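*Asks:* Quick one: sequence and predicted model below, then my questions.
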Amino acid sequence: MLYGDTAAELTPRGLTPKTTSSMAHAAFGAPAPINSPQTHMTPSDFVGLIGVIACLVAYAGLQVGRLRHDDLRYLGLNILSPACLLFSLMYDFNLAAVITQVLWLGLSFIGLVRALYARGRKTSRTTAKCAENGT
């Protein structure tokens, strides 16, 4: 019998078809997979969706030249995205995804600190030049 083939099972109500995938789950004591799709969006799904949109907007903005890597809007989107996705992952845990998002968040904070530091240095140099020129 191939995966996905059907077999019959004798129940009190008579013969009912049973797929081999559900038979395999029953053999190992696991519940059979639910075949009906989820029909409603949970709040954690919604927050995760916001994270995905923020990530894609940041990437698209960078690729089409509307954002720069040191733009605070780009960095803000790159902090919002993994934060939202980590919130969503608290309700539907996936270790690989959590590790990816934690690293993404950490690297984004490093980029934010560097951008703010560079802006501070640029402002102090401009202020010093203005004081030198008397303007």
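*Replies:* Thanks, I have the structure now.
*Asks:* Going by C-alpha atoms from here, please, whenever you check contacts or count neighbours.
*Replies:* OK.
*Asks:* How about residues contacting stretch 69-82?
*Replies:* Stretch 69-82 is contacted by residues 50-55, 57-58, 61-62, 67-68, 101-102, 104-105, 108-109, 111-112, 115 when judged by CA atoms under 8 Å, 6 or more residues apart in numbering.
*Asks:* Filter those down to the buried ones and hand me the ChimeraX line.
*Replies:* To isolate in ChimeraX the members of the contacts of stretch 69-82 that are buried, counting by 16 or more other CA atoms under 10 Å, one can use:
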select :50,51,52,54,55,57,58,61,67,101,104,105,108,109,111,112,115
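*Asks:* contacting residues for Ala97?
*Replies:* Counted by CA under 8 Å, 6+ apart, Ala97 has contacts Leu89.
*Asks:* element containing it, please.
*Replies:* Element membership for Ala97 (DSSP states H and E) is helix 95-133.
*Asks:* in the protein, what spans have low per-residue confidence?
*Replies:* Within the chain, the segments meeting pLDDT under 70 span 1-38, 125-132, 134-135.
*Asks:* any idea how it splits into domains?
*Replies:* Residue ranges for each domain of the chain read 1-33, 43-118, as given by automatic domain parsing.
*Asks:* sorry, back to before: the helix holding Ala97: which residues count as buried?
*Replies:* Residues of helix 95-133 classed as buried under the neighbour-count rule (16+ other CA under 10 Å) are 98, 101, 104-105, 108-109, 111-112, 115.
*Asks:* Turn those residues into JSON lines, including distance to Phe46.
*Replies:* As requested, the buried residues of helix 95-133 are exported to JSON lines (distance: CA to CA, whole Å):
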{"residue": "Val98", "distance to Phe46": "17"}
{"residue": "Gln101", "distance to Phe46": "17"}
{"residue": "Trp104", "distance to Phe46": "20"}
{"residue": "Leu105", "distance to Phe46": "19"}
{"residue": "Ser108", "distance to Phe46": "22"}
{"residue": "Phe109", "distance to Phe46": "24"}
{"residue": "Gly111", "distance to Phe46": "27"}
{"residue": "Leu112", "distance to Phe46": "26"}
{"residue": "Ala115", "distance to Phe46": "30"}
